[in-house]
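Asker: Sequence first, predicted model second:
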Amino acid sequence: MQPFIGLGVSFPAGESDIERRRSWRQSSTIRAAALWSWLSVATILLAPCAWAQSIDEVHVAPRSRASQALHPGTDGSGQDSAAKRLRVDVDLVLVPTTVTDHMNHPIVDLQRQDFGIYEDNAQQQIRYFGEEDAPISVGLILDVSRSMTNKIDTERRAVEEFFKSANPQDDYFVISLADRPRLIADTTESLEEIEHKLALVIPDGHTALLDAIYLGVSKMRTARYPRRALLIISDGGDNHSHYTAKETKSMVEESDVLVYGIGIFDTMPMPVFKTLEERLGERLLAEITAASGGRTISADKREKVPEIASAISWELRQQYVLGYKSTNGLHDGKWRSIKVLVTASAGDPPLRAHYKRGYVAPEK
């Protein structure tokens, strides 16, 4: 196992790499268990779709209406005094879901009867139906490696367009990635300050994409809002990370973070000096985002990247939330798979649902 260095995360002095990672995983396990309780117990799958999905549960904080219904007494931060009681007394699984057509356009006018939901192939009754429009904590993960030299202006315009659809109450942080990920802007800074810092970045170095995702998900543990998402903008695979694809996917699946990706992939034949990881970059990004319930959108033309960023920003605020009480009442700590079906009108192209593909049931 390679050493965990340079990820910009603060650890107590004197701890070894192995101790740090063991400590993190232990805390992550405890957190996952607690969140999974919320999940089988009024959880919100904040991560709709792109690999199999999952970190802490099928989560995504319900919107104001859902919040008031499921979390009475909340102060708006998601940390209400009744949280623990609700996690134990309420056996409602909340599944945030985004629906798109064959052109990748979000569909926002569906009703409860347009959805069907299954857990482990057993149909469930939808007991709650709403739309998610609460503030969100967003982390941008921006590739500034050498290969982005001729694409950095496109990336900057994409960030600008993404922010145009921002909710004034949203908060953001920005991680740049090259040889290693770096936190270049935190939630205390304005959007103008974030854009200014990005303008000063000079592309250089390799691509530590997996390390950057790992850092982004880790930072989300202290995010302001229960609804949390990462947006990755990159042009290829990983060739410089300490974490593996398996470790990163596992972390994403166990988190409550929705991950989206914009792939700026060259259309010209790949040079022979590119590594296998770079050649498989599009697949890697798609698998990781899908694991969270999000997705990757590849740009066949660079001029489309800002438009895609704007669409993702808007899509994050156009989610449906489906709630059901599982017919499996066991608290056995086992994985429960979820499947959401969307009914399209006769003759219409099929619609696609993006959601987190399962959760781990709480244990008594």
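Answerer: In hand now; what should we look at?
Asker: In contact with residue 136, which residues are there?
Answerer: Counting by Cβ atoms under 8 Å, 6 or more residues apart in numbering, residue 136 makes contact with 167, 170, 225, 227, 228, 229, 316, 317. Yep, even glycine has a C-beta here, placed from its N, CA and C like the rest.
Asker: Per-residue pLDDT of it, please?
Answerer: On pLDDT, residue 136 comes in at 91.
Asker: Also residue 331?
Answerer: The model's pLDDT for residue 331 equals 87.
Asker: Distance of the residue nearest to it when sequence neighbours are not counted relative to residue 94?
Answerer: Closest residue in space to residue 331, ignoring its immediate chain neighbours: residue 364 at 4.7 Å, by Cβ to Cβ, 6 or more residues apart in numbering. Distance of residue 364 to residue 94, given as Cβ to Cβ, to the nearest Å: 21 Å.
Asker: Same check on residue 258?
Answerer: Taking Cβ to Cβ as the criterion, residue 258 is separated from residue 94 by 13 Å.
Asker: out of those two, which sits in the busier spot?
Answerer: The residue with more neighbours, out of residue 258 and residue 94, is residue 258; 36 against 27, by other Cβ atoms under 10 Å.
Asker: Now do the more buried one against residue 139, distance only.
Answerer: Taking Cβ to Cβ as the measure, residue 258 and residue 139 are separated by 11 Å.
Asker: Which of the helices or strands spans residue 154?
Answerer: Using DSSP states H and E, residue 154 sits within helix 152-164.
Asker: Pull out the buried residues from that helix.
Answerer: Neighbour counts using 16 or more other Cβ atoms under 10 Å place 152, 154, 155, 156, 157, 158, 159, 161, 162, 163 of helix 152-164 among the buried residues.
Asker: Equivalent analysis for stretch 103-123, please.
Answerer: Result for stretch 103-123 [16+ other Cβ under 10 Å]: buried residues 106, 107, 110, 114, 115, 117, 119.
Asker: if we can go back for a sec, which ones among the contacts of residue 136 map onto strands?
Answerer: 228, 229 (DSSP state E).
Asker: tell me which of the contacts of residue 136 is nearest to residue 126?
Answerer: Nearest to residue 126 out of those is residue 227 (Cβ to Cβ; 20.5 Å).
Asker: one step back: okay, and the common contacts of residue 258 and residue 139?
Answerer: 228, 229, 230.
Asker: If any of those residues are buried, put those into a PyMOL selection.
Answerer: Command for PyMOL that selects the buried part of the shared contacts of residue 258 and residue 139, burial taken from 16+ other Cβ under 10 Å:
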select buried, resi 228+229+230
